[in-house]
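Enquirer: Fold the stuff below for me.
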Amino acid sequence: MPDTLTREAPPPRLHRGRLRVSAARRALRACVRLTIVLVMAGFAFGAWYLARKGFSRNWRNLVVEELHKRGVEASVKRLTLDPFRGLIARDVRIFDYKKRDQTLAVVSEISLDINYAALFHHEPFLNAIDIRNGDLTIPLPHVPGQVTHADLRRFRAHVYFLPERIEVSQAEGIFCGIRISATGQLIKRGNFATSKTNTAADAARRLRLLQTVVTMLQRFQYPGSPPELQVKFSGDLAELESARLEATLRASKIVRDRYEARDLSLTTEWKDQTLTVPQLEWSDAGGRFSGTGNWSRPNGAATYQARSSIDLASLLGSFGLSELLHDFTYSTPPLIEASGSATISDAAAKIEVIGKIALDKFTYKTVAFDGLTADFAWDRDRTMLRDLRLRHRSGQIDADLLDAPNDFRLNLESSLAPAALTPLVSPEVGRFLGFWEWQHSPKLHLSVRGVSRDPDTWHGDGTIALGPARFRGVSLNSASGDLHFGDGVYGVENFKITRDEGKGTGAFSYNTKRHEIKIDHAETTLTPSEVIMWIDPKFWEHVKPYRFHHTPHVDVNGIVQLGGGKQTHLQLDVSAPGGMDYTFIDKVLPFDRIAGQLLFTDDRLQIFDLKGGLFSGDLSGSADISLARNDHHYTAKLAVEKVDFPTVTDLYFKYKTSQGELGGDFDFGGDGGERAALYGTGKVEVRNGNVFAIPVFGPLSELMNKFFSGAGYSVAHEATAPFTIRNGVIHTEKLKVAGTLFAMVGHGDIDFIKNDLDFDIRIDANGPGALLTPLYQLFEYHGSGSLTKPVWRPKHL
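Expert: Next up, the predicted model:
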């Protein structure tokens, strides 16, 4: 093939002008590319700058002014641009509309929907705001023990600003653990202005209420799903207090401290400035609560109804109010039904409630009761209880009560054993109840009136009836009386006490201020040594020595002061026709009859007008006995007349052949039962008797018979002797025994403790024996030895 066919043709040669055009185009393209790069870099930098640094203050002021026109007083710290969400207002602070220095809320970021055409024409340009996963914080006043801010977390909301209307579409967030969702709309008129009734004080009060609620809610826990609160609202922005709001709260489980509530359901509505709660219900381990209510803001009037069988003690304890029911323990919570009205306003706060309560077995402090039912009414100033029934295994209390200003009334019927209430009363009353033992509960009726609930102002009347019982260990068959009390004095009139041996009647009272018992004309035919235990046990040891054959008649009057007082003055007039036994110098004296007056004072027992019959004779006298601790001294005066002398000699000397009548008087004293401490003076005489039949003088009768046949056994028909007693020794200076043929005159000592005799006697002859007067010295004798076996010897032989 020829080369001409295969050889490549040479390139054509370009014209110089065409070369210049191509270079210009290349330069232009480079400039365009550079411009595009610079513009894109500028846009990128601007976007970065607007996203990071934000718009200038002028733009922020435009947004703030727009929000102001929409009814929101706010400040914007930064205004940034998000390429996907648009303008973002960050760190938005919302203020009180009238008081700008008061911050109402802080929102982390708000997306702004802007109408840019309206913006450039200086018209309202804000179409909507969008909040996504924002945090809203409401600052609160600083109060010790309460939160300082309220937080709405993960807040989402879309708010449309329509002409004269603001619409909220499904705002959601979590507030104190509660999931909240809200929808609604507010009218914003062109002449918008805040309500004049919405004062700063109202706003401050609402903030304090919010602070209290948030502080309280912080203590709640929600183990299951969080509670849900759904809110719907509508109204005029200028009159928010007249807006309409509906809210529904649902919670499956709520825990606060140790209290657990389940299935909580709350429905509320705010309409025409009236709050209505058509449903409030929840249940717990004890039962269920349900209630309704309403409140009108203009007049503050409220009404409510409630029914509860929940565990009230646990609920109150979770709010720090456990002390209200601290002393109560129950297995089944009380059933309470209540309704009433209230006035809740600044001018006045009133509340009225009526209802009833029923409680099965429960324990108050340490006292177990079988149940309690009552109707009640309360209005802050007055409390009323009607048909109150408190049941106990020993009986029941029925009562009606009214507690009003300057008016207190209580009517009470009781068949409950008072001892069961011992843990509930004062220690003093508890000690008194501890003295009692009841076979059957007493029947008590009381009608109490006073000017306040303070018992010191009460006056009352009533009756009491007791069956078989014991008081301080002393039994009684029955007792009854009329009760009266007031001004600290508790009295029983027309009382009647029965025992097997007799009865007692009269009146007595106890003065709590003076701690004294007063007894008025109490007459008894009861055993004194047992009845005295009812009055004051300290007198028992001074009454027990008087052992009556039959119950005496005793008339009691006077005062017994307790607690160490010094005003005791108790008089007992005793008459015992059946007689009594009394031990004197280790021998029992059986009185045929006895009567006298006993006067107990603080440290003394005085016996007046003592009269009795002893050994066919008469006895009279008086005594003064010390009742002081560690002091048992006593003094007494006794006089006897025509007492059977043989009975006395048999009792004290075991010698029954003496004859005659004993008389005399004896003023003496001593210290308790100590025979050596006995002292005194007296005079004794024996008439129409045989003095020589006394063992002490019996041997003299044999001696005299040796000198005068038959004279030794002549009756010594009269003997007299003044005497003194001290340190166990009876001493006489002038014993004179008168007989038919002779008399004896003597002096000496008889030691009745050691059973010793030291006595001198001389014979003073009468009648024919007078011829022996010059020989009297031969008939002087000295006695020694024991009282039962004396030894008489002539003194001068």
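
Enquirer: from here on, contacts and neighbour counts on C-alpha atoms
Expert: Fine.

Enquirer: so residue 791 makes contact with residue 785?
Expert: Yes: if you go by Cα atoms under 8 Å, residue 791 and residue 785 touch, sitting 5.7 Å apart.

Enquirer: neighbour-wise, which of the two wins?
Expert: Neighbour count, other Cα atoms under 10 Å: between residue 791 and residue 785, residue 791 has more, with 18 against 14.

Enquirer: my read is that one is in a helix, agree?
Expert: No: under DSSP: H, G, I helix; E, B strand; the rest coil, residue 791 sits outside any helix and is assigned strand.

Enquirer: ok, what's across the strand from residue 301?
Expert: residue 343 (DSSP bridges).

Enquirer: could you list every residue that touches it?
Expert: Counting by Cα atoms under 8 Å, 6 or more residues apart in numbering, residue 301 makes contact with 295, 341-344.

Enquirer: cool, and residue 458?
Expert: 448-452, 485-487.

Enquirer: if we go to 10 Å?
Expert: Counting by Cα atoms under 10 Å, 6 or more residues apart in numbering, residue 458 touches 408-410, 448-452, 485-488.

Enquirer: Next step: the residues you listed restricted to strands.
Expert: 408-410, 448-450, 485-486 (DSSP state E).

Enquirer: and the two most separated of the residues you listed?
Expert: Greatest spacing in the ones in strands among the contacts of residue 458, by Cα to Cα: 408 and 485 (14.9 Å).

Enquirer: So for these two, which residue has more residues nearby?
Expert: Taking neighbours as other Cα under 10 Å, residue 408 and residue 485 compare with residue 408 leading, 23 against 18.

Enquirer: With adjacent residues omitted, what lies nearest to the more buried one?
Expert: Leaving out its chain neighbours, the residue that sits closest to residue 408 by Cα to Cα, 6 or more residues apart in numbering is residue 450, at 4.8 Å.

Enquirer: Distance-wise, check the one you found relative to residue 406.
Expert: 7 Å (Cα to Cα, to the nearest Å).

Enquirer: more neighbours, those two?
Expert: residue 450 (19 against 9).

Enquirer: Low-confidence stretches in the stretch 601-750 of the chain?
Expert: Applying pLDDT under 70 to the stretch 601-750 of the chain flags residues 653, 655-658, 689-717, 739-742.

Enquirer: Tell me where it has helices.
Expert: 645-653, 698-707 (DSSP state H, counting those that start in this stretch).

Enquirer: for whatever helix or strand residue 400 lives in, packing partners?
Expert: Assigned by DSSP states H and E, residue 400 belongs to strand 395-404. Contacts defined by 3 or more Cα pairs under 10 Å, 6 or more residues apart in numbering; DSSP states H and E place strand 395-404 against strand 371-378, strand 383-392, strand 407-414, strand 443-450.

Enquirer: strands paired with the third one, and their directions?
Expert: Strand 407-414 pairs in its sheet with strand 395-404 (antiparallel), strand 443-450 (antiparallel), by DSSP bridges.

Enquirer: Run through the helices of the stretch 1-150 of the chain in chain order.
Expert: With DSSP H, counting those that start in this stretch as the criterion, the stretch 1-150 of the chain has helices spanning 3-6, 16-52, 57-69, 116-120.

Enquirer: Tell me where the stretch 301-450 of the chain is predicted with low confidence.
Expert: In the stretch 301-450 of the chain (pLDDT under 70), the answer is 346-348.

Enquirer: I'd like to know how many residues surround residue 473.
Expert: Around residue 473 there are 13 residues (other Cα under 10 Å).

Enquirer: Longest strand in the protein, please.
Expert: strand 239-256.

Enquirer: And the next helix-or-strand element following that one, what's buried?
Expert: Once the chain leaves strand 239-256, the next helix or strand it forms, by DSSP H and E, is strand 259-271. When burial is assessed from 16 or more other Cα atoms under 10 Å, strand 259-271 yields the following buried residues: 259-262, 264-271.

Enquirer: that older thread, mind putting the helices and strands packed on strand 395-404 in JSON lines, distance to residue 670 included?
Expert: As requested, these are exported to JSON lines (distance: least, Cα to Cα, whole Å):
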{"stretch": "strand 371-378", "distance to residue 670": "62"}
{"stretch": "strand 383-392", "distance to residue 670": "56"}
{"stretch": "strand 407-414", "distance to residue 670": "53"}
{"stretch": "strand 443-450", "distance to residue 670": "49"}
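
Enquirer: between those, which one is nearest to residue 281?
Expert: With Cα to Cα as the measure, strand 371-378 is the member of the helices and strands packed on strand 395-404 nearest residue 281 (23.1 Å).

Enquirer: In that closest one, which residues are buried?
Expert: 371-378.

Enquirer: now do stretch 781-797
Expert: 781-784, 786-794.

Enquirer: residues in contact with residue 314?
Expert: 256-260, 284-286, 320-322, 325 are the contacts of residue 314 under Cα under 10 Å, 6+ apart.

Enquirer: If any of these are buried, give me the PyMOL selection for them.
Expert: The PyMOL selection below is limited to those of the contacts of residue 314 classed as buried (16+ other Cα under 10 Å):
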select buried, resi 256+259+260+284+286
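
Enquirer: nearest to residue 568, of the contacts of residue 314?
Expert: Distance to residue 568, by Cα to Cα, is smallest for residue 325 among the contacts of residue 314, at 44.6 Å.

Enquirer: Touching, that closest one and residue 333? I think so.
Expert: No: the criterion here is Cα atoms under 10 Å, and residue 325 misses it with residue 333 at 11.7 Å.

Enquirer: what sits in contact with each of those two?
Expert: By Cα under 10 Å, 6+ apart, the residues touching both residue 325 and residue 333 are 312-313.

Enquirer: Can you name the residues that contact the residue nearest to residue 475 when sequence neighbours are not counted?
Expert: Among residues not flanking residue 475 along the chain, residue 469 sits closest, at 5.7 Å (Cα to Cα, 6+ apart). Each residue near residue 469 by Cα under 10 Å, 6+ apart is listed here: 436-442, 475-479.

Enquirer: Tell me which of those fall in strands.
Expert: Reading strands off the contacts of residue 469 with DSSP E, I get 436-438, 475-476, 478-479.

Enquirer: from those residues, which is closest to residue 60?
Expert: Nearest member of those to residue 60, counting by Cα to Cα, is residue 436, at 88.7 Å.

Enquirer: Name the nearest residue to the closest one, ignoring sequence neighbours.
Expert: Computed as Cα to Cα, 6+ apart, the closest residue to residue 436 that is not its neighbour in sequence is residue 471, at 4.6 Å.

Enquirer: From what I see, the one you found and residue 439 are in contact.
Expert: No: contact status for residue 471 versus residue 439: not in contact, 11.7 Å apart, counting by Cα under 10 Å.

Enquirer: The two: who's more crowded?
Expert: residue 471 (17 against 11).

Enquirer: Residues in a beta bridge with the more buried one, which ones?
Expert: With DSSP bridges as the rule, residue 471 is bridged to residue 436, residue 474.

Enquirer: what sits against it?
Expert: 432-438, 531, 533-534.

Enquirer: hmm, try it at 7 Å
Expert: Shown in contact with residue 471 (Cα atoms under 7 Å, 6 or more residues apart in numbering): 435-437, 534.

Enquirer: What subset of the residues you listed is buried?
Expert: 436-437.

Enquirer: Report the two of the contacts of residue 471 separated the most.
Expert: Across the contacts of residue 471 (Cα to Cα), the longest gap, 13.1 Å, separates 437 and 534.

Enquirer: got a list of what residue 321 touches?
Expert: With Cα under 7 Å, 6+ apart, residue 321 has no contacts at all.

Enquirer: What distance do you get for it to residue 337?
Expert: To residue 337, residue 321 is 21 Å away according to Cα to Cα.

Enquirer: how's this protein carved up into domains?
Expert: With domains defined by automatic domain parsing, the chain comprises 51-211, 475-631, 674-794.

Enquirer: and the shortest one, how far apart are its ends?
Expert: Start-to-end span of domain 674-794 (Cα to Cα) is 36 Å.
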